[in-house]
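K.L.:
everything below, folded, please.
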Amino acid sequence: MSQLTTHILDTTVGKPAAGVAIILFHQGVDGWTEIAKGNTNKDGRVADLLQKETLLEHGVYKIRFETKPYFDGLNTRSFYPFVEIAFEINSSDHYHVPLLLNPFGFSTYRGS
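P.N.:
You can find the predicted model right below:
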């Protein structure tokens, strides 16, 4: 398992959100740098966002979830065109950043 994982659950339908583009950024002195991207699978997960052996340097990161195309594909009106979750990596521990999503709200927490 890679050091950083994520998944999306569409709480409106109680199912994983498949086909959502996800972009991982690292914050540096000159702003944000894209370091990885992928799309969620049928389980709402990105299996290969980072290689298993990759350890992220300590610092601030954010994951951007492109939610508008997901809801547009369901023909569902939504409020948030994207969701960005910023967090800090300060050890070599595993970090899981889930997104609970619906057309007019979202929630996140540090998972395991």
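
K.L.:
the strands in this protein, which residues?
P.N.:
Counting by DSSP state E, one finds strands in the chain at the ranges 4-10, 15-16, 21-28, 31-39, 59-66, 83-89, 95-102, 105-108.

K.L.:
tabulate those strands (a markdown table), appending mean neighbour count, mean pLDDT and distance to N75.
P.N.:
Where you see a C-beta, it was placed from the backbone N, CA and C, and this is true even at glycine. Formatted as a markdown table, these follow (neighbours: other C-beta atoms under 10 Å; pLDDT from 0 to 100; distance: least, C-beta to C-beta, whole Å):
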| stretch | mean neighbour count | mean pLDDT | distance to N75 |
| --- | --- | --- | --- |
| strand 4-10 | 21 | 96 | 14 |
| strand 15-16 | 14 | 98 | 16 |
| strand 21-28 | 17 | 98 | 19 |
| strand 31-39 | 13 | 97 | 20 |
| strand 59-66 | 18 | 98 | 17 |
| strand 83-89 | 14 | 97 | 20 |
| strand 95-102 | 20 | 97 | 15 |
| strand 105-108 | 14 | 98 | 19 |
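
K.L.:
any chance of those in TSV, with distance to Q51 too?
P.N.:
Output for the strands of the chain, formatted as TSV (distance: least, C-beta to C-beta, whole Å):
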stretch	distance to Q51
strand 4-10	11
strand 15-16	23
strand 21-28	13
strand 31-39	9
strand 59-66	16
strand 83-89	16
strand 95-102	15
strand 105-108	24
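
K.L.:
of the ones you listed, which is nearest E53?
P.N.:
Closest approach to E53 among the strands of the chain (C-beta to C-beta): strand 4-10, 12.8 Å.

K.L.:
run the angle between that closest one and strand 95-102 for me.
P.N.:
10 degrees (axes from the mean of the first three to the mean of the last three C-alpha atoms, to 10 degrees).

K.L.:
which secondary structure elements does strand 4-10 contact?
P.N.:
Packed against strand 4-10 by the contact rule (3 or more C-beta pairs under 8 Å, 6 or more residues apart in numbering; DSSP states H and E) you find strand 15-16, strand 59-66, strand 95-102.

K.L.:
what is the shortest one packed up against?
P.N.:
The one in question is strand 15-16. Applying 3+ C-beta pairs under 8 Å, 6+ apart, we find strand 15-16 packed against strand 4-10.
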